[in-house]
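1. coordinates only, no sequence provided:
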């Protein structure tokens, strides 16, 4: 009997403990502290999605604790004062976190206030936008309904958990002061804290806003003489040799430059499942062709438009937005103007909407006399975003035939655009079961389609009697497969037989085909789109005279290779000869990494400080040329905005 009683007592005590625990949970759910839990979990999901490494994790966890405490203080203030304002702020922070994770998934960087302009361009291609989403990112919104529900409760019941407003404000001030001193201000100049500042959600965005405001109020400008000195140094380093290789081998011929959408170098001369991926381009490489196999995309956040801009002008794009919008009405003196100065008719062709990336407004200032866009073409075959590559090229040949020779045509392909959607009827590459319904398999299929379109285009040029008198230059604008995506990284690494890193991801082909030139060579000099203008100018025999403001070099005659990067790898990153250098995620030299191109062999990053400084200087010089519209001080074009098709 006594044993039974003791058992009941223990059972009652046990149940009492459970009930007490449940009561505490119930009280927690009723108190403002639940918002701390929601917010802390939200931030942990956020940092997981932007791939914070172990070195940064400790300070990040500290920041989660600090900001969670600060945030709940604001929540309590919101309950007493303006709960609607708090709910709006909470929702906007969730949206900003979501934007960061999506942006990081594509660019390996978080979003900046300076990239708000990009929302319109991103949503203009909804299929591509949707394909970049990470399902786990939607976890950042899961807590919002609960928080809203909590705030709808009777405020009298909620206030019993609230502190006095003065105490809340005091804790907020203490918390912010401590955090600013230890993290944001970084009084000890710690490299670890500097890296955290670039990744920690609040400090990253606060710093971004402060820097943007400061740059707008008091921008750090280079003096004109400083800019000219840098440009002169570049010119001296790349002075034309006494005997210039390939000089003028295309002189007097028509020029067609084709920018290949999302076309990477690793697909060339490769077989997949017993099939050539690019049989037509492979054939082109066999004769009358100069092939640059260490050519890199140096785009900014303007993606395709930045590839065009750098290619045509030998200037670097900037990180803040696409140059076609920010510097639309600047004076330029790039390839379209140089071709016009030599008697060529310059025009551009693209199978998408004319206003996308602001091309229709920007092209006249670039020197194009005509722009044929989707609105001007017969839309008889639409694949993905617009007119298919095969249809566009088929319609282009009659247009070329009608143009007064010589002409310069700048053509932009489209079908190989992310997310690489191709209907069954257009597929000719037989995929393995493993690669069906994967991004890698879909990419190879659209690459093959574009290659077939190029083969058809060359055949049509021959039939029209234009081929022998036309130089055809082709290059990729940017990558199609992001090495930061785990599934892509694994499959491409398997395919190429080594780790799929940025030296492969940013590597795009440059092919210059000159019929009847008897030239056939592969050049391994490292370069990028910044080098296209001087390289093609040499081939076409263009006399650039006193042409200044060229920051690239003729890769066919360069003594050494160098290209700086803008996005995907942070500013300060570069490729030089056989070395790839990636600046640290914190944007500081310490903690950077370097490796050998093509092998992945680790190199000592500390040995590349001079090249890092060079990359920063070239990028800054290019930005100042654009910001100050410096070319206008030296060049004047008649009928600058004259264009046949508005």
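-> Perfect, I can see it now. These numbers were taken from a predicted model, which means no experiment stands behind them. Numbers count the residues shown, from 1 in each chain.
2. secondary structure element holding the closest residue to residue 584 other than its chain neighbours?
-> Of all residues not flanking residue 584 in the chain, residue 591 sits nearest, at 3.8 Å (CB to CB, 6 or more residues apart in numbering). (C-beta placed from N, C-alpha, C; glycine too.) Assigned by DSSP states H and E, residue 591 falls within no helix or strand.
3. mean confidence score for stretch 568-583?
-> Averaged over stretch 568-583, pLDDT sits at 95.
4. gap between that stretch and the chain center?
-> Per CA atoms, centre = their mean, to the nearest Å, the displacement of stretch 568-583 from the mean C-alpha position of its chain is 15 Å.
5. same check, this time on stretch 231-241
-> 29 Å.
6. contacts for it next, please.
-> For stretch 231-241, the surrounding residues in contact (CB atoms under 8 Å, 6 or more residues apart in numbering) are 534, 538, 548-551, 553-554, 557-559, 618, 621.
7. my guess is residue 280 meets residue 451, correct?
-> Yes - applying CB atoms under 8 Å, one finds residue 280 in contact with residue 451, separated by 5.0 Å.
8. tell me which of those two has more neighbours.
-> When residue 280 and residue 451 are compared for neighbours, residue 451 comes out ahead with 27 against 18, by other CB atoms under 10 Å.
9. got a list of what that one touches?
-> Contacts of residue 451 were listed using CB under 8 Å, 6+ apart, and they are 277-281.
10. ok, which pair from these is furthest apart?
-> For the contacts of residue 451, the farthest-apart pair by CB to CB is 277 and 280; their separation is 10.5 Å.
11. among the contacts of residue 451, who's most crowded?
-> Going by other CB under 10 Å, residue 281 tops the contacts of residue 451 with 25 neighbours.
12. before we move on, which element is it in?
-> With DSSP H and E as the test, residue 281 turns up in helix 279-284.
13. what do you get for residue 532?
-> helix 532-540.
14. give me the below-cutoff pLDDT ranges for the chain.
-> Within the chain, the segments meeting pLDDT under 70 span 1-36, 52-83, 106, 114-132, 150-199, 218, 242, 545-547, 639-646.
15. just the buried residues of the helix or strand containing residue 258, please?
-> Here residue 258, judged by DSSP H and E, is contained in strand 254-260. Buried residues in strand 254-260, counting neighbours by 16 or more other CB atoms under 10 Å, are found at 254-260.
16. and if you look at stretch 264-275?
-> So, applying 16+ other CB under 10 Å, buried residues of stretch 264-275: 264-268, 272.
17. contacts for that stretch?
-> Residues from elsewhere that reach stretch 264-275 (CB under 8 Å, 6+ apart): 276-278, 281-282, 285, 293, 295, 429-432, 444, 447, 476, 479-481, 492, 495-496, 504-505, 507-509.
18. which of these are buried?
-> Among those, those scoring as buried are 276-278, 281-282, 285, 293, 295, 429, 431, 444, 447, 476, 479-481, 492, 495, 504-505, 507-509 (criterion: 16+ other CB under 10 Å).
19. how far is stretch 528-536 from where the chain is centred?
-> Its chain's average C-alpha position is 20 Å from that of stretch 528-536, according to CA atoms, centre = their mean.
20. cool, and stretch 487-494?
-> Using CA atoms, centre = their mean, the offset of stretch 487-494 from its chain centre is 20 Å.
21. contacts for it next, please.
-> Looking at what lies outside stretch 487-494 - CB under 8 Å, 6+ apart - the contacts are 266, 435, 438-440, 481-483, 499-500, 504.
22. buried subset of these, written for PyMOL?
-> Applying 16+ other CB under 10 Å to these, the buried members can be selected in PyMOL as follows:
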select buried, resi 266+435+439+440+481+482+483+500+504
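23. name the SS class of residue 444, please.
-> Put simply, residue 444 is helix when judged by DSSP: H, G, I helix; E, B strand; the rest coil.
24. in contact with it, which residues?
-> 267, 272, 277, 429, 431, 435.
25. residue 286 too?
-> Contacts for residue 286 (CB under 8 Å, 6+ apart) come out as residue 520.
26. ok, it to residue 522 distance?
-> 11 Å (CB to CB, to the nearest Å).
27. ok, and what's touching the strand holding residue 258?
-> Strand 254-260 has contacts (CB under 8 Å, 6+ apart) with 304, 307-308, 311, 335, 339, 344, 400, 405-413, 416, 450, 454, 466, 469-477, 508-509, 536, 540.
28. re the thing from before, run through the neighbouring helices and strands of the helix or strand just after the helix holding residue 281.
-> Remark: after helix 279-284, the chain's next helix or strand is strand 289-292, criterion DSSP H and E. For strand 289-292, the packing partners by 3 or more CB pairs under 8 Å, 6 or more residues apart in numbering; DSSP states H and E come out as strand 510-513, strand 520-523.
29. direction included, what does strand 289-292 pair up with?
-> strand 510-513 (antiparallel), strand 520-523 (parallel) (DSSP bridges).
30. looking at these, which is closest to residue 214?
-> Using CB to CB, the nearest of these to residue 214 is strand 510-513, at 38.6 Å.
31. which outside residues touch that closest one?
-> Here strand 510-513 makes contact (CB under 8 Å, 6+ apart) with 250, 281, 284-285, 288-292, 295, 471-475, 527, 532, 535-536, 539, 555.
32. same question for stretch 318-327.
-> 112, 114-115, 117-118, 121, 300-303, 305-306, 308-309, 315, 317, 357-359, 361-362, 566-567, 571, 619, 622-623, 626, 629.
33. show me how to select, in PyMOL, the buried members of those residues.
-> Selection command for PyMOL covering only the buried members of the contacts of stretch 318-327, criterion 16+ other CB under 10 Å:
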select buried, resi 112+114+115+118+121+300+301+302+303+305+306+308+309+315+317+357+358+359+361+362+566+567+571+619+622+623+626
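34. count of residues packed around residue 433?
-> By other CB under 10 Å, the residues close to residue 433 number 7.
35. cool, the one 4 residues further on as well?
-> Applying other CB under 10 Å, we find 8 residues neighbouring residue 437.
36. for the stretch 101-250 of the chain, just list every one of the helices.
-> 118-123, 126-131, 144-152, 155-159, 165-179, 191-199, 201-217, 224-237 (DSSP state H, counting those that start in this stretch).
37. picking up where we left off before, mind checking which of the strands paired with strand 289-292 is nearest residue 216?
-> Per CB to CB, nearest to residue 216 of the strands paired with strand 289-292: strand 510-513, 37.0 Å.
38. now that closest one, how far from the centre of its chain.
-> For strand 510-513 - counting by CA atoms, centre = their mean - the centre lies 24 Å from the chain centre.
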